[in-house]
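**Student:** The sequence and its predicted three-dimensional model are supplied below.
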Amino acid sequence: MKKIRNYWDRKAHIYAELRMRKDWFQKIDQHVLNLIDSELCSKILDIGIGPGGFAIKLAKTNDTMVVGIDVSKRSLRIAKTHIKEGKLSGKIFLVAASADFLPLREASFDAVASIFTIHHLPPPRRNKSFKEFYRVLKHQGKLALVEDWASNPRTIFQHTIYELRKMLMHSEIEEYHAKYYEYVSMLEKNGLKIFAVEFRPKQVDLSRFESLSSIKARKLLKRAEKLEERQKVVDTTFIGAIKLD
């Protein structure tokens, strides 16, 4: 966990600017609110709160208490600043914790939201996280899991972009992306019933891969550039699950 914490401490301000500025994130947040029926929730857990974008949107639009966790202390400091600026300190509470060990009471949340977070944990810890989500959810509580690079690549373009993405991230920190059906299987094994699996297109900016210098990466990038006219999107995956027992 130390490696993950150090990585996000370094990236916290960059991600905060991106997270609070991009309209694409706002659309993701709104879809999550719809997925968990946020207007019916009195208490929601935000996994990997980052700079606080989702939690702030939630607290502004619903009479809901939000608990946000993150392993990055720098991210939590940024979130705290944004929360104070929004005058929401009485509605959003921050906890330094990891998804696979939640210092929270069981059956205490109406919903759990994990947005682009769980892929940072290796499989054993990811599985523990899903057990923890189940534990802290109330009966009929909902989980919204949002992940990128979780669709099953079907075209040459998608396969090429997935390979480039792996190479780019491995140069910074290890990530552990799974396919959407693998997430579904893991959630079901941990007692949650799936009620939604949805995909959303996302524009691919090929310039982000130009820093890769290996021969293989350059070949893959050239291939992607040739295919770009035919297909420019990959999927963001939304999975909705509910605790029924």
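**Tutor:** Looks like it came in fine.
**Student:** and the next element down the chain from the lowest-mean-pLDDT helix or strand in the chain?
**Tutor:** Lowest by mean pLDDT, DSSP states H and E among the helices and strands of the chain is helix 2-21, with a mean of 78. Where DSSP states H and E defines the elements, the next helix or strand beyond helix 2-21 is helix 23-35.
**Student:** Packing partners of the least confident helix or strand of the chain?
**Tutor:** Contacting helix 2-21 under the criterion 3 or more Cβ pairs under 8 Å, 6 or more residues apart in numbering; DSSP states H and E are the following elements: helix 73-85. For the C-beta atoms, the positions are set from N, CA and C on the backbone; glycine is no exception.
**Student:** rewinding a little: list the buried residues in the least confident helix or strand of the chain.
**Tutor:** Neighbour-count burial for helix 2-21 flags 4-5, 7-8, 11-12, 15-16, 19-20 (criterion: 16 or more other Cβ atoms under 10 Å).
**Student:** from the chain's centre, how far out does it sit?
**Tutor:** Mean-position distance between helix 2-21 and its chain equals 13 Å (Cα atoms, centre = their mean, to the nearest Å).
**Student:** Please apply the same query to stretch 46-66.
**Tutor:** 14 Å.
**Student:** going forward, begin numbering at 11 instead of 1
**Tutor:** With the count now opening at 11, the last piece we talked about shows up as stretch 56-76.
**Student:** tell me which residues of that stretch are tucked away?
**Tutor:** Neighbour-count burial for stretch 56-76 flags 56-69, 72, 74-76 (criterion: 16+ other Cβ under 10 Å).
**Student:** Now do the helices in the protein.
**Tutor:** Applying DSSP state H to the chain gives helices spanning 12-31, 33-45, 63-71, 83-95, 133-146, 166-180, 190-199, 225-237.
**Student:** residue nearest the centroid of this structure?
**Tutor:** What sits nearest the mean C-alpha location of the chain, by Cα atoms, centre = their mean, is Phe126, with 1.6 Å.
**Student:** Thought Asp158 was touching that one, still the case?
**Tutor:** Yes: with contact defined as Cβ atoms under 8 Å, Phe126 reaches Asp158; the gap is 6.1 Å.
**Student:** How many neighbouring residues does Ala89 have?
**Tutor:** Ala89 has 25 neighbours, counted by other Cβ atoms under 10 Å.
**Student:** for the one 10 residues further on, same thing?
**Tutor:** The tally of other residues near Ser99 (other Cβ under 10 Å) stands at 13.
**Student:** where does the residue nearest to it when sequence neighbours are not counted land on pLDDT?
**Tutor:** In space, and not counting its chain neighbours, Ser99 is closest to Ile93: 5.7 Å by Cβ to Cβ, 6 or more residues apart in numbering. Looking at Ile93, its pLDDT reads 96.
**Student:** and what of the one 4 residues further on?
**Tutor:** Among the per-residue scores, Lys97 holds a pLDDT of 95.
**Student:** out of the helices of the chain, which comes closest to Ala206?
**Tutor:** helix 33-45 (6.4 Å; Cβ to Cβ).
**Student:** Show me what the closest one packs onto, helices and strands only.
**Tutor:** Using 3+ Cβ pairs under 8 Å, 6+ apart: helix 33-45 touches helix 63-71, strand 119-125, strand 147-158, strand 202-213, strand 243-253.
**Student:** quick one, which of these is packed in tightest?
**Tutor:** strand 119-125 (a mean of 25; mean count of other Cβ atoms under 10 Å).
**Student:** Which elements pack onto that strand?
**Tutor:** Applying 3+ Cβ pairs under 8 Å, 6+ apart, we find strand 119-125 packed against helix 33-45, strand 53-57, helix 133-146, strand 147-158.
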